[in-house]
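*Asks:* Sequence and computational prediction follow.
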Amino acid sequence: MSRTISYGPMHSKSNQKVDRYPSFCGICHKNVEPIFIGTNLDNNTIIPNKVEAAFQCANTDCSSIMIGYYTREDPRSEYRLIDSAPLNPVEEDFNKEIVKVSPNFISIYNQSYFAEQSKLELIAGIGYRKALEFLVKDYLIFLNPHQEEEILNKFLGKCIEMVDNEKIKEISRRASWLGNDEAHYIRKWENKDVNDLKKLIEVTVYFISMDISTRSYLEEMQ
């Protein structure tokens, strides 16, 4: 159902059709029916094909200003919502085992997640690949601190070969395959994308957490 945005002086408001209002607030991260405030349109000028409209988040705990960005193909067509702002990115939380093993992994992962939320998908994948490398290397260093220099100087693939836990080794190897695809012009795994890479990292994180937790309990309860 089409909506309208109004513009011009209070005594002679004009309307323009739009396909929809923004439905998600990037500040409180709630689905909302926003309150229309106004546009950057000037009633005394030719109506452009790109328009910005201001809304207010209807969540009373937020009430932030939202900007909807609209475009249209020609003066006879309605405006289409193509984006909205601002965005306060959310972060992924990780358990205490990962915080202990690799805080750098968490920072790099969330910076990549921020890029993805900001629609910078083409560079987000490379960031996830870097996060994976820090995770695997920090995990190995955590278990083998006397080999830190050797581990740091190895490529990711060689580090994965050093992992004793077969589940971690096999799943992180596949994550590295997709991570390498994100850095190369030609993709080897054409039916996989950054979402698959994130899933493999998630599984790697799970198995590393379980391994660290298992080792901790076995050491404490001998």
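*Replies:* All right, it came through fine.

*Asks:* Show me where the chain has its strands.
*Replies:* 3-7, 14-18, 35-39, 50-56, 65-71, 80-85 (DSSP state E).

*Asks:* What is the biggest helix by length in the chain packed up against?
*Replies:* Ordering each helix of the chain by length in residues (DSSP state H) puts helix 194-220 first. Counting contacts by 3 or more Cβ pairs under 8 Å, 6 or more residues apart in numbering; DSSP states H and E, helix 194-220 packs against helix 96-101, helix 121-143, helix 166-183. In this view, the C-beta of every residue, glycine as well, is placed from N, C-alpha and C.

*Asks:* closest to S209 out of the ones you listed?
*Replies:* helix 96-101 (4.3 Å; Cβ to Cβ).

*Asks:* avg pLDDT for the closest one?
*Replies:* Helix 96-101 shows a mean pLDDT of 97.

*Asks:* likewise stretch 36-46?
*Replies:* Mean pLDDT, computed over stretch 36-46, is 80.

*Asks:* Determine how far the longest helix of the chain lies from the middle of the whole chain.
*Replies:* In terms of Cα atoms, centre = their mean, to the nearest Å, the centre of helix 194-220 is found 21 Å from the chain centre.

*Asks:* what comes up buried for it?
*Replies:* Neighbour counts over helix 194-220 (16 or more other Cβ atoms under 10 Å) mark 194, 197-198, 200-201, 203-205, 207-209, 211-212 as buried.

*Asks:* Turn the strands of the chain into TSV, including mean neighbour count and distance to Y139.
*Replies:* Shown next, in TSV, are these (neighbours: other Cβ atoms under 10 Å; distance: least, Cβ to Cβ, whole Å):
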stretch	mean neighbour count	distance to Y139
strand 3-7	17	51
strand 14-18	15	50
strand 35-39	15	49
strand 50-56	18	45
strand 65-71	19	41
strand 80-85	14	38
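
*Asks:* any chance of those in TSV, with distance to K188 too?
*Replies:* Shown next, in TSV, are those (distance: least, Cβ to Cβ, whole Å):
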stretch	distance to K188
strand 3-7	45
strand 14-18	42
strand 35-39	47
strand 50-56	39
strand 65-71	36
strand 80-85	32
